[in-house]
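Undergrad: just need the structure, nothing else, for what follows:
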Amino acid sequence: MIKRKTKIIYIQVTIFLVALFLLYSTYRDTSEKVDDFIVIKTETDSDTNSFTDVKYSGFDLNGNRYILNAETAEFENKTSELINMKGIIANFYLKDDTVLNVISDEGLYNSINLDMEFRKNVKATYLTNTLLSEKLTYSNSKGKLLASGNVRGESIEKGQFSADNVEYDLANKTLGFSMLGNKQVNVKLKN
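TA: Model (predicted):
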């Protein structure tokens with residue numbers, strides 16, 4: 001019995017010494033100083049917050065559901081309701097079970113009044129209609145879409161048009177065209 005206890009103590013002391021050696025060799029000061037180090041500079045603005053892969057959803061004042069996705073979004077702390085976005089895909093699910101899709105490079109979302117502005121390479125599709133422009137503004141309080149800047153549109157059933165400004169009333173489903181200066185609206189209707 002004493003031989004067995006002696007063996008156990010011998011094994012425990014050996015394990016302890018091996019563990020002590022491993023700890024010493026792992027954490028010892030090697031007197032080799034590393035002269036090279038990396039300095040990481042970060043540019044942060046304490047007045048601005050940024051996010052990636054952002055999704056906003058809700059209902060507008062007319063009861064239409066919307067989902068607004070953006071690759072990046074940022075806002076200033078002073079005006080946190082105004083959210084600047086890039087890489088936007090928006091879907092408006094209208095009460096009549098139709099969907100309006102809007103894609104743009106940049107935009108602005110007001111989280112209080114739910115107004116939206118889409119800028120640069122705007123493409124809006126609704127049923128069989130496509131609208132291209134440089135800017136598309138959705139006024140939630142007025143229930144209107146206003147497209148401006150090299151506006152072009154095409155309808156599979158009705159034809160093509162180009163104008164400086166196009167206004168679409170969501171409630172009445174009416175479309176208004178206008179041009180700046182003495183130019184005329186260009187419309188090509190299908191028979």
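Undergrad: show me where the protein has strands.
TA: Along the chain, counting by DSSP state E, strands occupy 48-59, 65-76, 82-93, 99-110, 116-126, 129-139, 144-155, 159-169, 174-178, 186-189.
Undergrad: dump the ones you listed to CSV, plus mean pLDDT, mean neighbour count and distance to I11.
TA: (C-beta placed from N, C-alpha, C; glycine too.) As requested, the strands of the chain are exported to CSV (pLDDT from 0 to 100; neighbours: other CB atoms under 10 Å; distance: least, CB to CB, whole Å):
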stretch, mean pLDDT, mean neighbour count, distance to I11
strand 48-59, 85, 12, 56
strand 65-76, 88, 18, 61
strand 82-93, 90, 19, 64
strand 99-110, 91, 18, 69
strand 116-126, 90, 20, 74
strand 129-139, 88, 20, 77
strand 144-155, 83, 18, 82
strand 159-169, 80, 18, 85
strand 174-178, 74, 14, 90
strand 186-189, 63, 11, 94
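Undergrad: any idea which of these gets closest to V18?
TA: strand 48-59 (48.8 Å; CB to CB).
Undergrad: by contact count, what packs against that closest one?
TA: Packing contacts for strand 48-59, counted by 3 or more CB pairs under 8 Å, 6 or more residues apart in numbering; DSSP states H and E, involve strand 65-76, strand 82-93.
Undergrad: thanks a lot, see you next time.
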